[in-house]
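Undergrad: got a structure for you, letters missing:
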């Protein structure tokens, strides 16, 4: 888990993100605060979407995570270290790139909606090129494009 600072029309927001051990984005939430109450809200949202309780929680050294973990996940191990959450830190890069392309985000609600959908799309096309043989990689990528085309066709038939 990690959070990053974003400014939308001069107002400060915090983008909270949870990533699993394979780099798949689980959830993302845009909030105004970076305190324990915000961390608890994010944990609750994450636990309602994914009914599994994590075995280990890896975060940076933000104290808000400790309090939220104590309240909501008392049996989960918590590892807080400066560089243990690099996988989540790296997942912020795509967000920063989109922020630059859009010349900053304009509205908090649209930002939340866009980043949530962007994470799902990136998860679809994340097929771990270096963990598979070339043949398996091509099959997984073709499957991802097939699923994408099906989604697009079903979306277009709604109109």
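TA: Yep, that arrived. Bear in mind the structure is a predicted one, so any value in this text is a computation, not a measurement.
Undergrad: okay, CA-based contacts and neighbour counts for the rest of this
TA: Will do.
Undergrad: give me the buried positions along the helix or strand containing residue 96.
TA: Assigned by DSSP states H and E, residue 96 belongs to helix 93-101. Using 16 or more other C-alpha atoms under 10 Å as the test for burial, helix 93-101 gives 95, 99.
Undergrad: how far out from the middle of the chain is the next helix or strand after that helix?
TA: Next along the chain after helix 93-101, taking DSSP H and E as the criterion, comes helix 108-125. In terms of C-alpha atoms, centre = their mean, to the nearest Å, the centre of helix 108-125 is found 9 Å from the chain centre.
Undergrad: just the mean pLDDT for helix 108-125, thanks.
TA: Rounded to a whole number, the mean pLDDT of helix 108-125 is 85.
Undergrad: show me what that helix is packed against.
TA: Helices and strands in packing contact with helix 108-125 are listed as strand 25-31, helix 134-157; criterion 3 or more C-alpha pairs under 8 Å, 6 or more residues apart in numbering; DSSP states H and E.
Undergrad: neighbouring contacts of the helix holding residue 96?
TA: 105, 115 (C-alpha atoms under 8 Å, 6 or more residues apart in numbering).
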